[in-house]
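> Sequence first, predicted coordinates after that:
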Amino acid sequence: MAKTKVLLVGESWVSSATHYKGFDQFGSVTFHLGATPLVDALKDSEFDLDYMPAHEAVEKLPFTMEGLSQYRTIILSDIGANSLLLHPDVWLHGKTVPNRLKLLRDWTLAGGGLIMIGGYFSFQGIDGKAGWHRTAVEEALPGTCLPN
């Protein structure tokens, strides 16, 4: 029997810290993969899980219905809307790219299973910064995202 193809998007981040020791200070940066427990839990299951960390999703989340349609389910976890809206071509060069939030909504309306798992950048997010309120993805969810 074929496994159900699932894409997990997000659940990664970089932390930057400044350490003070008397008059001296130094910085450190740490990369975190918060998805590891879920990825490990699904290794030998009925699901064929692809994991796309947040920094990769900025450029690699598909820009076409065909690209999304290779998955039965897409899980968005702890990733803000801007990570999918502000592709480097938009952010750095002012170019237009397909709106992946609208694409995700349309993919869901066509039968795709969209899941959003809570995190600092899910739903309204910490301090309202996740930016999912009033987006096409919010239209695909069974509830609403608060504005703040």
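Cool, the structure landed.

> Give me the phi and psi for Q70.
The phi and psi values for Q70, taken as degrees, to the nearest 10, are phi -70, psi -10.

> Now for it: which residues touch it?
If a contact means C-beta atoms under 8 Å, 6 or more residues apart in numbering, then Q70 has 5, 62 as its contacts. C-beta here means a position set from N, CA and C on the backbone, and glycine is covered the same way.

> Look up how far E11 lies from it.
The spacing between Q70 and E11, counted by C-beta to C-beta, to the nearest Å, is 20 Å.

> How far away from the center of its chain is the longest helix belonging to the chain?
Assignment by DSSP state H gives helix 100-109 as the longest helix of the chain. Chain-centre distance of helix 100-109: 14 Å, with C-alpha atoms, centre = their mean, to the nearest Å.

> again, but for stretch 123-135
13 Å.

> Endpoint to endpoint, that stretch covers what distance?
11 Å (C-alpha to C-alpha, to the nearest Å).

> Run through who's touching the helix-or-strand element of the chain with minimal mean pLDDT.
Using mean pLDDT, DSSP states H and E, the weakest-scoring helix or strand in the chain turns out to be helix 88-93, at a mean of 92. Helix 88-93 is contacted from outside by 58-59, 95-97, using C-beta under 8 Å, 6+ apart.
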